[in-house]
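Asks: Okay, sequence plus prediction incoming.
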Amino acid sequence: MPPDTLTGVLSSVAQRLREDLADVRAEPLRLRARVADLRVEAATEADPPYRLHTLRLYPLETKVKDPRVAAPATRTSGAVPEEAAAVAADAFAELGLVGLIVAGTTGDASVWVTARGWASLDQDEVLLPEHRFPAYSITKLITAIAVLRLVADGRVRLDEPANAYLRTIRLADDAVTVRELLSHTGAVDSPASMFADRVPDLASVTGPVAACGGPRGTFAYGHGGYALLGQLIADVTASRYEDAATRMVLEPLGMSASWFPRSRPATRVTTGHRLTDEGVFERAPTRVFKMPAAGGLWTTAADLVHLGRAWSSLLPDALAREALRPQAERNDGPGGQAGLGWMLNLPKDIAGHPGAGFGFSASLIVRPGLVSPGGSQTWVVLTNRQVLVEPVNERLALPIA
């Protein structure tokens, strides 16, 4: 870890570090403890000079006073590893959650899922492994894979201007390429409002000409570029984006419990929650993402595991490698790069994508270099409260031990 990065991390939590460590679990080479309202996890190398190789600091929930979440039930599917069950139990309490699903693959490629808590507190509905969640921005992986399948078929070229394929809506900048849209370097503006009761016509959201107000070639995460990629898929295939993505990605991967609803679905879905200032959970507003290609997927944890495990099987090897090759440096942390759809962390050898919105959070992580018989090792975390869940998923994908 570069010195300036370590200094920045410690400076941001300096006031909390004045307090003593509590709940200490210490071993010669690793530590797990609490300091103030932070969870601290650290580990050193096994040999002198015992350099620090892992340091995680993330906030613990201290406001929850809701008695309804005091004794969460657990339901499982498949052979859940003991370590994953422990991570789920700890994270549920530490993050202050209503419901939590953790899922992944074992060495023989079988899928396991553990669900803890409630799908809906108002209805006292226990969360099950098969409950569906909005994936929000993880949808961008579906869109990227669909575009790359068109590239593999010779119907689209990565370095051609996107306007060469767009018919219904155009980009204001004729030079923006398909590759730039996939890597968030095309400078396409995002709409000010992302959620609605029903999915509107895309042209009513972006206008007939989508604005490109930022500097091209620089990473700037947004939703507008992927909304246009969805339109590109629709224009090239002469079908609705949702139909094309289902046919080209969901069905081949066996994601039979996933779809793109036009309004909030009602069958076996979770309810989003938010925490009031009094520490009690209430139902979050019910919304869908306005742009299906950027955030409209509803899915299960098992289906997301299928996505992470087998996505590359839909593409030629060279194109799958290109999707995981750094295309631009991200501006959200050390080592962060953007691939084609995938968010990369090269020092940790992981790729993935987060998703968050009204009352929900999601995270998908794969380790491309850790391959089982069925594909890449994959981990998924879903919650029905909007909180940061990436640290939970990293504990699954990158165990300190």
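Replies: That came through fine. Numbering: from 1, shown residues only.

Asks: Skipping adjacent residues, who's closest to V392 in space?
Replies: Closest residue in space to V392, ignoring its immediate chain neighbours: A91 at 4.5 Å, by CB to CB, 6 or more residues apart in numbering. Placement of C-beta: from N, CA and C, glycine included.

Asks: pLDDT value on the one you found, please?
Replies: Looking at A91, its pLDDT reads 94.

Asks: and it, what element?
Replies: According to DSSP states H and E, A91 maps onto helix 82-95.

Asks: what's the residue nearest to V392 in contact with, if anything?
Replies: Residues in contact with A91 (CB atoms under 8 Å, 6 or more residues apart in numbering) are 97, 100, 102, 381, 389, 392, 395.

Asks: hey, where'd the helices end up in the stretch 151-300 of the chain?
Replies: Taking DSSP state H, counting those that start in this stretch as the criterion, the stretch 151-300 of the chain carries its helices at 178-182, 202-206, 224-237, 241-245, 292-295.

Asks: tell me which strands and helices the last one is in contact with?
Replies: Helix 292-295 makes packing contacts with helix 139-152, helix 224-237, helix 241-245 when contacts are defined by 3 or more CB pairs under 8 Å, 6 or more residues apart in numbering; DSSP states H and E.

Asks: Centre of the chain to that helix, how far?
Replies: Relative to its chain's centre, helix 292-295 lies at 13 Å (CA atoms, centre = their mean, to the nearest Å).

Asks: Would you mind measuring from E45 to L10?
Replies: 20 Å (CB to CB, to the nearest Å).

Asks: ok, the residue lying closest to A175 once chain neighbours are set aside - contacts?
Replies: Sequence neighbours aside, P161 is the residue nearest to A175 in space, at 5.9 Å (criterion: CB to CB, 6+ apart). By CB under 8 Å, 6+ apart, the residues touching P161 are 174-178.

Asks: Which secondary structure element is home to the residue nearest the centre of the chain?
Replies: Nearest to the mean C-alpha position of the chain, counting by CA atoms, centre = their mean, stands P354 at 2.0 Å. Assigned by DSSP H and E, P354 belongs to strand 350-357.

Asks: May I have the strands that pair with that strand, each with its orientation?
Replies: Partners of strand 350-357 in the sheet, by DSSP bridges, are strand 343-345 (antiparallel), strand 360-372 (antiparallel).

Asks: State the next helix or strand along the chain beyond the last one.
Replies: Sequence-wise, the next helix or strand downstream of strand 360-372 (DSSP H and E) is strand 375-383.

Asks: Let me see the domain layout of this structure.
Replies: The record's domain parsing of the chain by automatic domain parsing lists 3-59, 67-135+265-397, 140-242.

Asks: Tabulate these (TSV), appending distance to P252.
Replies: What follows is these, written out as TSV (distance: least, CB to CB, whole Å):
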stretch	distance to P252
domain 3-59	36
domain 67-135+265-397	6
domain 140-242	9
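
Asks: least reliable of those going by mean pLDDT?
Replies: Looking at the domains of the chain, the weakest mean confidence is domain 3-59, a mean of 87.

Asks: Quick one: end-to-end distance for that domain.
Replies: End-to-end distance for domain 3-59: 22 Å, by CA to CA, to the nearest Å.

Asks: and what of stretch 331-342?
Replies: End-to-end for stretch 331-342, by CA to CA: 15 Å.

Asks: what's next to that stretch, contact-wise?
Replies: Outside stretch 331-342, the residues that touch it by CB under 8 Å, 6+ apart are 1-2, 5, 140-141, 143-145, 148, 158, 179, 182-185, 219-221, 322-330, 343-348, 351-353.

Asks: And the contacts of stretch 39-49?
Replies: 21, 29-34, 50-60, 94, 395, 400.

Asks: Quick one: mark the members of these that sit in strands.
Replies: Within the contacts of stretch 39-49, residues falling in strands by DSSP state E are 21, 30-34, 52-59.

Asks: got the residues you listed as a markdown table, with neighbour count and distance to Q377 columns?
Replies: Converted to a markdown table, the ones in strands among the contacts of stretch 39-49 look like this (neighbours: other CB atoms under 10 Å; distance: CB to CB, whole Å):
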| residue | neighbour count | distance to Q377 |
| --- | --- | --- |
| L21 | 13 | 32 |
| R30 | 14 | 22 |
| L31 | 18 | 26 |
| R32 | 17 | 23 |
| A33 | 16 | 28 |
| R34 | 17 | 29 |
| L52 | 11 | 25 |
| H53 | 13 | 20 |
| T54 | 17 | 18 |
| L55 | 15 | 23 |
| R56 | 17 | 20 |
| L57 | 17 | 25 |
| Y58 | 19 | 22 |
| P59 | 17 | 27 |
